[in-house]
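A.B. asks: need coordinates for the following:
(2 chains)
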Amino acid sequence: MGGLVRFHVAARSLNRRMQHPLRTRESLLIATDVVNQLLVQRFGVAASRVEDGAPLGSLGLDSLALEELRLLIEDRLDIDLDAVELTPRDTVGRLVTVVGREVVT
Amino acid sequence: MPGRQPFAAAVTGLGLVTAAGTGVKATWHAVAGGGRPEGVRRHPELAELPCDFMYTAAGLDPAAELGAAAARLMDRFSQLAVLAAREAVADAGLDPAAWDGSRVAVVIGSAHGGLPFYDEQHAVLAERGPRRVSPKLAPLTVVNGAASSVCGDLGALGPSLAVSTACSSGTVALGTAHQLLRSGACDLVVAGGAESVLSRLLIASACRLKAVSTRREDPATACRPFDAGRDGFVVGEGAGLLVLERPEHARARGATPRAVIRGYGASSDAASMVAPDPEGAGIERALRAALADAQVAGAEVDHVNAHGTSTVLNDLIEGRALVRVLGEGPLVTSTKAVTGHTLGAAGGIETALTVLALEEQTVPPTVNLTTPDPQLPAGLDLVRGAARRARLRCAVKTSLGFGGHNAALVLTRD
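C.D. replies: Predicted coordinates for the structure are as follows:
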């Protein structure tokens, strides 16, 4: 059942990207905004430390925090990040990119 | 009984977060003042329940105090514990950056742990499915969440644990800390209780059990320990933590104890899960054991901070047991009308208040006690109306918990 759900989600995500190829920059802006806000407000990260190249682990996020962040982003943007692998070594920039891909503007 | 030397644990620090006030000074001021309780209010979460009110530390925003990074890993009971622990450690004149953390233990009593977060996530599961459930249910809701949060916040590296004996958890935690120090396993213990259970489910069930007061028309007068018109307890949130220390350790660093815990006794009723043993044999055993541990006679006790929950059964059974064991000498009070019944935190909060009574030579009044229950023994000297100044050298804290867990501590000024 899980496999079918993943396929459906992946297909829906691809469908979205095909529908709005020119909205990428806007999607990225929204994703940047939400990720920044959540890191600062919900995880207490100093705003000045949230840079594209910063590994999430260096900002104090362990694997538990990343799962919590995943849910928060999904709820805030009404998207599905289930297929996205997230580790503390991933950077803020990578997170913003993968989130931006799922955002429909 | 094998011979055992009495052990005096120095109380060198106090920390309190209660519905009566944030901090030791504010709480004692409200408790000793004996005015109309201000910490009890109706809550939307409890709307329409026969008991729709609870004692809470209103206006306190623990997340603002602790910062988002720390607070997100603590349900409210843990947050209150960390705030109280910080006050207690500072009060003791200790610097966590400089202490030998491996010699610092943490023992915190809690009856329910992170019930509010559990409730919240249960609703998420039911309404939105398992995929939307938070990954942090386990760390936030386990009863040891307060102890682990305090360890993390302070850098305590010694033994740490939660104690869970329902409403006597805080007292049992302090007794356990007394034993840890006595064994030499540590030099310092941050010990007491923490609880915060604004839970519709829990209170709804307590209403069905007929354990809580239903005096909805005037919540401030609902909790009335030992009063003829009492009809049940009123739940409260809070944290009360003490720094207990080996006396040589305190002396070596020039710390003056605020009081001394000389004895601890505990017992089990082995009977009902919710009602105390009708003869009070259980609390009597715990009290006698504490006195024997301290090598103090019942007649030497000047003050008792009683469990006094405002239930019909507890107050009567406890009142009779106190007179049986201690005679008519001690000044008895229950401070629950000002703080609420803080469940696992009660023993911690109320032992701290007992320390303050000894320091101030003042017994706080039992608020809302207007007509003592005529069935109580005539010799039970209940302090009501205003606080009473008296020569207090020795005091006792008694607690009785659901499941028949009884505990008592004996404290002296020095």
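A.B. asks: so what's the residue of chain A at minimum distance from chain B up against?
C.D. replies: Chain B sits closest to A:G44 of chain A, with a gap of 3.1 Å, by C-beta to the nearest C-beta. Heads up, the C-betas are built off the backbone N, CA and C, glycines and all. Residues near A:G44 by C-beta atoms under 8 Å, 6 or more residues apart in numbering or on different chains: A:60, B:67-70, B:72.
A.B. asks: okay, now the unreliable bits of chain B?
C.D. replies: B:1-3 (pLDDT under 70).
A.B. asks: can you tell me the centre-most residue of it?
C.D. replies: Central residue of chain B (C-alpha atoms, centre = their mean): B:A346, 1.9 Å from the mean position.
A.B. asks: can you tell me the closest non-neighbouring residue to that residue?
C.D. replies: Distances taken as C-beta to C-beta, 6 or more residues apart in numbering or on different chains place B:G170 nearest to B:A346, at 5.5 Å, with adjacent residues excluded.
A.B. asks: with B:D227 instead?
C.D. replies: Computed as C-beta to C-beta, 6+ apart, the closest residue to B:D227 that is not its neighbour in sequence is B:L369, at 5.0 Å.
A.B. asks: hmm, back to that, on the three-state scheme, the residue nearest to B:A346 is what?
C.D. replies: helix (DSSP: H, G, I helix; E, B strand; the rest coil).
A.B. asks: ok, B:T371 - contacts?
C.D. replies: Taking C-beta under 8 Å, 6+ apart, we find B:T371 in contact with B:227-229.
A.B. asks: and stretch B:217-234, how far out from the chain middle?
C.D. replies: In terms of C-alpha atoms, centre = their mean, to the nearest Å, the gap separating the centre of stretch B:217-234 from the centre of its chain is 19 Å.
A.B. asks: can you list the buried residues in that stretch?
C.D. replies: B:219-227, B:230-234 (16 or more other C-beta atoms under 10 Å in any protein chain shown).
A.B. asks: which bits of chain A sit near chain B?
C.D. replies: A:41-45, A:60, A:64, A:67-68, A:71, A:75, A:82 (C-beta under 8 Å from any C-beta of the partner chain).
A.B. asks: can you pick out the most distant pair from the buried residues of stretch B:217-234?
C.D. replies: The most widely separated members of these, counting by C-beta to C-beta, are B:P219 and B:F226 (18.8 Å).
A.B. asks: so B:S267, which state does it fall into?
C.D. replies: Strictly by three-state DSSP, B:S267 counts as strand.
A.B. asks: the residue of the stretch 201-350 of chain B found nearest chain A: neighbour count?
C.D. replies: Closest to chain A within the stretch 201-350 of chain B is B:A239: 21.8 Å, counting by C-beta to the nearest C-beta. By other C-beta atoms under 10 Å in any protein chain shown, the residues close to B:A239 number 37.
A.B. asks: so it sits against B:A173, correct?
C.D. replies: No: checked against C-beta atoms under 8 Å, the pair B:A239 and B:A173 is beyond contact range at 11.5 Å.
A.B. asks: now do the shared contacts for those two.
C.D. replies: Residues touching both B:A239 and B:A173 (C-beta under 8 Å, 6+ apart) are B:192-193, B:348.
A.B. asks: could you dump those residues into CSV with distance to chain A added?
C.D. replies: Formatted as CSV, the shared contacts of B:A239 and B:A173 follow (distance: C-beta to the nearest C-beta, whole Å):
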residue, distance to chain A
B:G192, 27
B:G193, 27
B:G348, 28
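A.B. asks: for B:R388, list the residues it contacts.
C.D. replies: Counting by C-beta under 8 Å, 6+ apart, B:R388 touches B:331, B:362-363, B:365.
A.B. asks: ok, what's across the strand from it?
C.D. replies: Bridge pairing for B:R388 (DSSP bridges) gives the partners B:V363.
A.B. asks: re earlier: pull out the buried members of the residues of chain A next to chain B.
C.D. replies: Among these, those buried by neighbour count (16+ other C-beta under 10 Å) are A:42-45, A:68, A:71.
A.B. asks: what about those, which are in helices?
C.D. replies: Among these, the members falling in helices (DSSP state H) are A:68, A:71.
A.B. asks: does the residue nearest to the centre of chain B belong to a helix, a strand or coil?
C.D. replies: Following three-state DSSP, B:A346 is assigned to helix.
A.B. asks: related to what we said a few turns ago, quick one: buried ones out of the contacts of A:G44?
C.D. replies: B:69-70, B:72.
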